[in-house]
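>>> Make a model of this:
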Amino acid sequence: MSDFKFCPVCAADLVLRADEGEAGKVRLGCPEGHWTHWDNPLPVLAGLVEIDGKMLTARNAAWAEGRFALITGFMERDETPEEGIAREIKEETDLDAQEIKLIGVYEFIRKNELIIAYHVKATGAIKLSPELLEYRLSAPADLRPWPAGTGHAVADWMRARGLPVQYVEFAGSSTPIETPHIAK
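Okay, the predicted model is just below:
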């Protein structure tokens with residue numbers, strides 16, 4: 001459930017308890033009622049980045065070779081989702097967001113995240129941050145979404161443009177370990 005062990009108010013050992021006002025949902029909390037760990041999903045921003053008519057995907061340093069995904073990152077305090085995705089794209093690729101349009105909102109239950117995905121037209125010269133090893137530029141019709149999280153955003157974006165959608169299948173698993181994308 002979480003790594004929390006003690007109430008941050010009174011230092012009592014946390015217990016699993018049913019919240020009366022929450023239809024009996026069991027949550028980690030202080031036995032005295034000082035604090036509850038809600039464990040709500042985290043908002044994650046994702047950008048399907050377009051530069052000069054090509055779609056940018058990148059490989060995270062922690063991922064297997066050949067697996068590419070959208071630019072993603074956590075939203076920060078005091079920023080709108082649009083400001084956040086523009087910041088993430090700048091931090092990870094050094095590109096400047098010019099147009100930002102919402103694709104949709106997607107669950108990623110396995111990681112307790114809620115993904116807010118955007119199509120972002122960007123300009124500049126690509127310079128990857130250390131967390132990204134390589135990138136690919138693909139024609140929009142060559143994108144192959146994956147069957148989870150941000151992959152559904154790619155599929156929705158493609159469908160909205162009348163492009164055929166062909167999901168990637170991952171050998172030995174019905175769902176991907178990460179949310180990678182493989183372009184042709």
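>>> so how far is Asp94 from the residue lying farthest from the centre of the chain?
Most distant from the centre of the chain: Glu32, at 35.9 Å, with distances by C-alpha atoms, centre = their mean. Glu32 is 50 Å from Asp94, where distance means C-beta to C-beta, to the nearest Å. C-beta coordinates here come from the backbone N, C-alpha and C atoms, glycine included.
>>> Equivalent analysis for Met55, please.
17 Å.
>>> of the two, who's got more company?
Comparing Met55 with Asp94 by other C-beta atoms under 10 Å, the one with more neighbours is Met55, at 23 against 14.
>>> Count the neighbours of the spatially closest residue to that one that is not a sequence neighbour for me.
What sits nearest to Met55 in space, not counting adjacent residues and going by C-beta to C-beta, 6 or more residues apart in numbering, is Ser138, at 5.1 Å. A total of 17 residues lie near Ser138 under the criterion other C-beta under 10 Å.
>>> does Met75 really touch Pro43, like I thought?
Yes: using C-beta atoms under 8 Å, Met75 is in contact with Pro43, at 4.5 Å.
>>> Looking at these two now, which is surrounded by more residues?
Set Met75 next to Pro43 and count neighbours by other C-beta under 10 Å: Met75 wins out with 18 against 15.
>>> between Met75 and Pro43, what contacts are shared?
Common neighbours of Met75 and Pro43, counting by C-beta atoms under 8 Å, 6 or more residues apart in numbering, are Pro81, Ile116.
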